[in-house]
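Colleague: need a structure here:
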Amino acid sequence: MTKIINLFSVVLGVVLISGCAGKGQHDDLQRFMADTKAKPAGEIEPLPAFRAYKTFSYGAVAMRSPFDPPLALAVGDTVTGKDKVQAPDETRKKEYLEGFNFAALSMVGVLSKNGQVWSLIDDGNGGIHRVTVGNYMGKNHGRITSVTATKADVIETVPDGKGNWVERPRTLALNEKD
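Modeller: A predicted model of the protein is given here:
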């Protein structure tokens, strides 16, 4: 008897499942799939052409930063009994480092040979230059007066605004990077 009930259950299940697979229920889906397959295959757009990056060279690196305080010049400090500073020699051949603002220059090292001490100056454009006492640097006629292991002292000759010239001491300290 259980065999008959089991057989009847299997036959009933097969009939119910085959009834669900009717042909008229999914005609719209079959039509959509056939239409989609009938369309021509599209083409993938090619990658856009690569344009080389144009570099930008920042030209104001040698100028004074607008965030630095302005340099204080002692305009009214001319005393009548004081020795007057001579105007710089404009006919003298300019040295290479005189084409840079003093603020753009930095001291990066020191060399010593036969008792002569040389200071290594970075011009801010990637160039390292060797200077010693008597060389000039900066746009204000800066003459190097002494070079030590940690600094280079410079005297700049600048106009005082009254037709005379004044000397302004400047120091370029060694930049020690960690």
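Colleague: Kindly provide the distance from residue 101 to residue 117.
Modeller: As judged by C-beta to C-beta, to the nearest Å, residue 101 and residue 117 stand 24 Å apart. To be clear about C-beta, it is placed using only N, CA and C from the backbone, and glycine gets the same treatment.
Colleague: quick one: low-confidence ranges for this protein?
Modeller: 19-24, 61-62, 72-83, 177-178 (pLDDT under 70).
Colleague: So what touches the longest helix seen in it?
Modeller: Secondary structure assigned by DSSP state H gives helix 2-20 as the longest helix of the chain. Under the contact criterion C-beta atoms under 8 Å, 6 or more residues apart in numbering, helix 2-20 has no outside partners.
Colleague: Quick one: name whatever helix or strand follows that helix.
Modeller: helix 27-38 (DSSP states H and E).
Colleague: then that following helix to PDB, C-alphas only?
Modeller: What follows is helix 27-38 as a C-alpha-only set of coordinates in PDB (Å, rounded to 0.1, in the frame of the first residue of the first chain):
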ATOM      1  CA  ASP A  27       6.700  34.400 -24.900                       C
ATOM      2  CA  ASP A  28       7.600  38.100 -24.200                       C
ATOM      3  CA  LEU A  29      10.800  37.100 -22.600                       C
ATOM      4  CA  GLN A  30      11.800  34.800 -25.400                       C
ATOM      5  CA  ARG A  31      10.900  37.500 -28.000                       C
ATOM      6  CA  PHE A  32      13.100  40.100 -26.100                       C
ATOM      7  CA  MET A  33      16.000  37.700 -26.000                       C
ATOM      8  CA  ALA A  34      15.700  37.000 -29.800                       C
ATOM      9  CA  ASP A  35      15.500  40.700 -30.600                       C
ATOM     10  CA  THR A  36      18.500  41.600 -28.500                       C
ATOM     11  CA  LYS A  37      20.600  38.800 -30.100                       C
ATOM     12  CA  ALA A  38      19.500  39.900 -33.600                       C
END
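Colleague: Check the gap between residue 92 and residue 138 for me.
Modeller: Residue 92 sits 14 Å away from residue 138, taking C-beta to C-beta as the criterion.
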